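Undergrad: Sequence and predicted structure are below.
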Amino acid sequence: MRSIIKTNSEINILRDGGLIASEIFGHLKREVVEGNDSCSLDKYAEFLLKKYKVKSAFKGYQGYKFNICANLNEVIVHGIPNKTKFKSGDIFGLDFGIVYRGYYLDMSATIEIGEVRPEVHDFVQKTLHSMNQGVSAAISSNTISDITNAMRKNLVNETFQLMKDFVGHGIGKQLHEIPEIPGDGVSPQHDLKIFPGMVFAIEAISVFGPTNNYQILDDGWTVVTEDMKYLSALFEVTVLVNQDGPEILTPL
Ligand code: MF3
Ligand code: CO
């Protein structure tokens with residue numbers, strides 16, 4: 001599996017790209033406020049991508065037409081930007097990626113808008129914690145299943161699920177490389193050993209409810225929780241495995 005181990009020059013590009021992705025993400029995050037909408041965010045992303053002279057990782061991907069995925073409340077992933085105004089109490093999952101000098105960076109975070117119910121706040125924090133547990137397991141000599149197990153550890157119960165079918169992934173010259181890294185279930189590469197130089201997009205994608213069943217809306221993209229009954233959150237960072245541990249290339 002040497003081919004999925006990045007060279008030093010690739011790593012340098014990914015590091016620089018990660019800083020740019022994080023900077024743009026920071027600008028976008030600040031606009032996730034009451035009264036704004038995801039359509040405007042997408043336009044702002046378009047402006048920032050031009051300003052920083054990088055390309056969108058998502059636009060053009062399998063026909064996707066937008067620069068961000070806009071995952072409001074019951075939307076799990078791949079939400080298409082729309083004109084619904086953000087209101088106090090909403091949670092908004094912003095998913096964004098760039099291509100920098102031929103290499104992809106991918107990141108997402110769930111942002112609380114205005115006053116969010118305490119149990120919803122806890123749910124969002126649990127999802128972030130899940131991602132961080134996954135990142136901590138991205139160490140040399142562990143396997144991919146160790147990342148999945150770490151993401152689930154002490155978190156999954158009747159009210160907190162992680163997704164099987166929407167997964168973290170290797171990343172580099174392509175947005176989605178092997179291995180698949182699910183939050184639940186078994187990756188086809190579950191026993192792949194982790195080595196320094198591997199780069200992963202580690203994603204915790206959660207449902208605040210008893211099931212991780214999902215539906216896809218008629219737009220063909222937007223993935224929502226069962227009957228849109230439950231909230232969903234997600235956090236994702238691009239991570240480089242070093243000799244001495246994981247390095248987050250796209251700080252949130
Ligand atoms: N972060 C998502 C992923 O890793 C983004 C893909 S959205 C798409 O799959 F529009 F590009 F499909
Ligand atoms: Co991803």
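TA: Looks like it arrived, so ask away. Ligands and ions are numbered 1, 2, ... in the order given.
Undergrad: on contacts alone, who are the packing partners of the lengthiest strand in the chain?
TA: Looking across the chain with DSSP state E, the single longest strand is strand 231-242. Helices and strands touching strand 231-242, by 3 or more CB pairs under 8 Å, 6 or more residues apart in numbering; DSSP states H and E, are helix 8-29, strand 75-77, strand 91-100, strand 103-112, helix 118-136, strand 199-208, strand 223-225, strand 245-248. Every residue, glycine included, has its C-beta placed from N, CA and C.
Undergrad: Tyr44 against Lys29, yeah?
TA: No: at 11.0 Å, Tyr44 does not count as touching Lys29 under the criterion of CB atoms under 8 Å.
Undergrad: close enough to count as contact, Gly93 and Ile113?
TA: No: the pair Gly93 / Ile113 is not scored as a contact, 11.5 Å apart, by CB under 8 Å.
Undergrad: Nearest to ligand 1 within the stretch 101-250 of the chain, name that residue for me.
TA: Closest contact between the stretch 101-250 of the chain and ligand 1, by CB to the nearest ligand atom, is at Asp106 (4.8 Å).
Undergrad: What's the local residue count around that residue?
TA: Residues within reach of Asp106, counting by other CB atoms under 10 Å, total 25.
Undergrad: wait, what's in contact with it?
TA: By CB atoms under 8 Å, 6 or more residues apart in numbering, Asp106 lies in contact with Ala57, Asp95, Phe96, Gly97, Ile171, Leu175, Ala201, Glu236, Thr238, Thr250.
Undergrad: ok, and the closest non-adjacent residue to Lys164?
TA: Distance criterion CB to CB, 6 or more residues apart in numbering; nearest residue to Lys164, sequence neighbours excluded, is Gly185 at 3.7 Å.
Undergrad: ignore the last one, Gln189
TA: Pro179 (3.4 Å).
Undergrad: three-state assignment of the one you found?
TA: strand (DSSP: H, G, I helix; E, B strand; the rest coil).
Undergrad: how many other residues sit next to it?
TA: 24.
Undergrad: picking up where we left off before, okay, Gly93 and Ile113: which has more neighbours?
TA: Gly93 (29 against 19).
Undergrad: Check which helices and strands the strand or helix carrying Cys39 sits against.
TA: Element membership for Cys39, per DSSP states H and E: helix 38-51. When contacts are defined as 3+ CB pairs under 8 Å, 6+ apart, helix 38-51 sits against helix 8-29, strand 55-56, strand 68-72, strand 91-100.
Undergrad: Next, the distance between the ends of stretch 138-154.
TA: End-to-end distance for stretch 138-154, by CA to CA, to the nearest Å: 18 Å.
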